[in-house]
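**Q** with the sequence up front, the predicted model follows.
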Amino acid sequence: MEDLIVKIFKESSQLKESFVNDNLSIIVRVVNVMTAVLKAGNKVMIFGNGGSAADAQHLAAEFVNRFMIERPPLPAISLSTDTSIITSIGNDYDFSEIFSKQIRALGQPGDMAWGISTSGRSRNVFKGLEQAKKMGLITLALTGKDGGDIAGIADYTLNVASDSTPRIQEVHITVGHVLCQMIDLKLFQRPDIK
């Protein structure tokens, strides 16, 4: 058992290291874009299914409440949390519409739509990002495996090239925390960092 535990930690660590080496410049661009979105008074809408829904809710809370420093709240919404909206859309229309319909209702040009899908193939995440692009929102995708269709539709894609859902999710939440911390620095402590 000990060997397996150590193996899991090593796999997670190695995947994070290879991910940051492959995606550092994109992460920096995303930090700068998200900072501009929030500085302009726009909001970030985050969404996904299952564990990615939990990540969306977790990250929205980090923006609205605080991350590591005392600062004003930042406008972020998890589109994965309102069960009445999700179930009414799923029941009256189709589950594939649960995010796109919320984006139609809440999104404004200049906002950011941030979709999370470990497979890169979640139809409702794809349709949410597609709707956001039609409306002039900036789109960000966190994906896994080969990125799927979702990687091709987003303005910015951070893909974790792995077939292991748990390892992909571990990188996704680390990326989310990095974005939160860098945005805090740029908005409230070190606007000079590039």
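**A** Cool, the structure landed.

**Q** what are the phi and psi values at the residue nearest to the spatial centre of the chain?
**A** What sits nearest the mean C-alpha location of the chain, by Cα atoms, centre = their mean, is residue 114, with 4.4 Å. Phi and psi for residue 114, reported as degrees, to the nearest 10, are phi -120, psi 100.

**Q** correct me, but it touches residue 137?
**A** No - Residue 114 is not in contact with residue 137 according to Cβ atoms under 8 Å; the separation is 9.8 Å. Yep, even glycine has a C-beta here, placed from its N, CA and C like the rest.

**Q** mutual contacts of these two, please.
**A** Counting by Cβ atoms under 8 Å, 6 or more residues apart in numbering, the shared contacts of residue 114 and residue 137 are residue 45.

**Q** quick revisit: distance check, the residue nearest to the centre of the chain against residue 176.
**A** Distance, residue 114 to residue 176, by Cβ to Cβ, to the nearest Å: 9 Å.

**Q** joint contacts of these two?
**A** Here residue 114 and residue 176 have residue 142 as joint contacts, going by Cβ under 8 Å, 6+ apart.

**Q** quick one, what contacts the residue nearest to the centre of the chain?
**A** So residue 114 contacts 44-47, 56, 139-142 (Cβ under 8 Å, 6+ apart).

**Q** out of the residues you listed, which end up buried?
**A** For the contacts of residue 114, a burial check counting by 16 or more other Cβ atoms under 10 Å picks out 44-47, 56, 139-142.

**Q** mind showing which ranges of the protein have poor pLDDT?
**A** Residue ranges of the chain with pLDDT under 70: 191, 194.

**Q** let's see that with 80 instead.
**A** Applying pLDDT under 80 to the chain picks out residues 190-194.

**Q** in it, what residue spans correspond to helices?
**A** Shown for the chain, the helices assigned by DSSP state H span residues 2-39, 51-64, 83-92, 98-106, 123-134, 148-153, 165-184.

**Q** point out the most buried one among those helices.
**A** helix 123-134 (a mean of 23; mean count of other Cβ atoms under 10 Å).

**Q** which strands and helices sit next to that one?
**A** Here helix 123-134 touches strand 44-48, helix 98-106, strand 112-117, strand 138-144, helix 148-153, going by 3 or more Cβ pairs under 8 Å, 6 or more residues apart in numbering; DSSP states H and E.
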